[in-house]
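In: Sequence first, then the predicted structure:
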Amino acid sequence: MDEISRLPEPPQLSALMRDRPVALFLDFDGTLVELAAMPDAISVPRNMPTKLRALSQALDGRLALVSGRSITDLEKHLGQLGVAVAGSHGADCRLASGQALGQAPKGISAEARASLSGFAQKEGLDLEEKSHGAALHFRNQPEKERVAHDFASALSDKHGLAVKTGKCVVELVESGANKGAAVHAFMDDRLFAGSVPWFIGDDITDEDGFKACQDRGGRGILVGEREETRAGHALADVTAVRQWLGI
């Protein structure tokens, strides 16, 4: 039995909420919804927005979605949620009121975008353009993983960007954007201050969120399995996450 399979399930959310004020930070793809071949192919339950708002209210507003997607993209699938949200890998944070925390994401240069576009066309990869960056998807061509990562690394060095890796995707964003920074930004707000933060996520980029929660006295919950993780607890899959959250 490997290390990840021995991670305990988290205590029931209701029990955590009885002990101290809780803040929840939730990844989206692979955590609240199943992964799909391409970002627009996901299936979102129709009642999910309503249930997320209800959960946020039960937590006195201390719930935030923290996603690699832009906020505009999240709203395309979820509508105007009315909960706190961090898009663009934490580069764009907003409270439930819509008030911004910090500066808006800067995005990447036209030169970097052109280089990514040319590479994707040459290698036959799917390029996802985003306001804050761009992502190369190789789910349909897993043998291209190494070449995609090598190209992204070289391009990041040239343009001073950050590389974000995920399940069958590599992404370039502005330097300094990460989900841990989003957690700290929210926890510094008076609404979240004094609560115990818990981060739920499935991917490598969520490890920054796990660490930030640890730094703030909380924990991380890994969805699925991974050989190394900062999470202290695990849930098996998206279905288990929804059950744990009560949504």
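Out: Structure's in. What do you need?
In: How about the contacts made by residue 179?
Out: Going by Cβ atoms under 8 Å, 6 or more residues apart in numbering, residue 179 touches 25, 27, 66, 86, 89-90, 199, 201, 205-206, 208-209, 212. Bear in mind the C-beta positions are built from the backbone N, C-alpha and C, glycine included.
In: Go again with 6 Å.
Out: By Cβ atoms under 6 Å, 6 or more residues apart in numbering, residue 179 lies in contact with 66, 90, 205, 208-209.
In: For the spatially most central residue of the chain, which non-adjacent residue is spatially closest?
Out: Note on the chain: the residue nearest the mean C-alpha position is residue 67, at 3.2 Å, using Cα atoms, centre = their mean. Nearest non-adjacent residue to residue 67, counting by Cβ to Cβ, 6 or more residues apart in numbering: residue 28, 4.2 Å away.
In: How many neighbouring residues does the one you found have?
Out: 22 (other Cβ atoms under 10 Å).
In: unless I'm mixing things up, it is touching residue 68, no?
Out: No: Residue 28 sits out of contact with residue 68 when judged by Cβ atoms under 6 Å, with a separation of 8.1 Å.
In: So residue 137 sits against residue 167, correct?
Out: No: under the criterion of Cβ under 6 Å, residue 137 is not in contact with residue 167, lying 9.9 Å apart.
In: the more surrounded of those two?
Out: With neighbours defined as other Cβ under 10 Å, residue 137 and residue 167 compare such that residue 137 has more, 22 against 13.
In: Quick check: closest non-adjacent residue to that one.
Out: In space, residue 137 is closest to residue 126, 4.1 Å off (Cβ to Cβ, 6+ apart).
In: Please report phi then psi for the one you found.
Out: phi -90, psi 120 (degrees, to the nearest 10).
In: Residue 174 now?
Out: Main-chain torsions, residue 174, degrees, to the nearest 10: phi -60, psi 150.
In: Could you count how many residues lie near it?
Out: Neighbours of residue 174 using other Cβ under 10 Å come to 18.
In: Equivalent analysis for residue 131, please.
Out: So residue 131, with other Cβ under 10 Å, has 18 neighbours.
In: Write down the beta-bridge partners of residue 220, one by one.
Out: residue 199 (DSSP bridges).
In: Report the separation between it and residue 33.
Out: Noted for residue 220: a distance of 19 Å to residue 33, by Cβ to Cβ, to the nearest Å.
In: Spatially, and excluding backbone neighbours, which residue is closest to residue 36.
Out: Residue 36 sits nearest to residue 42 (Cβ to Cβ, 6+ apart), 4.7 Å away.
In: Can you get me a residue count around that neighbour?
Out: So residue 42, with other Cβ under 10 Å, has 17 neighbours.
In: burial of the residue nearest to residue 137, as a residue count?
Out: Using other Cβ under 10 Å: residue 126 sits among 17 other residues.
In: now swap in residue 162 and tell me
Out: Using other Cβ under 10 Å, residue 162 is surrounded by 17 other residues.
In: what's the helix or strand for it?
Out: Here residue 162 sits within strand 161-166, counting by DSSP states H and E.
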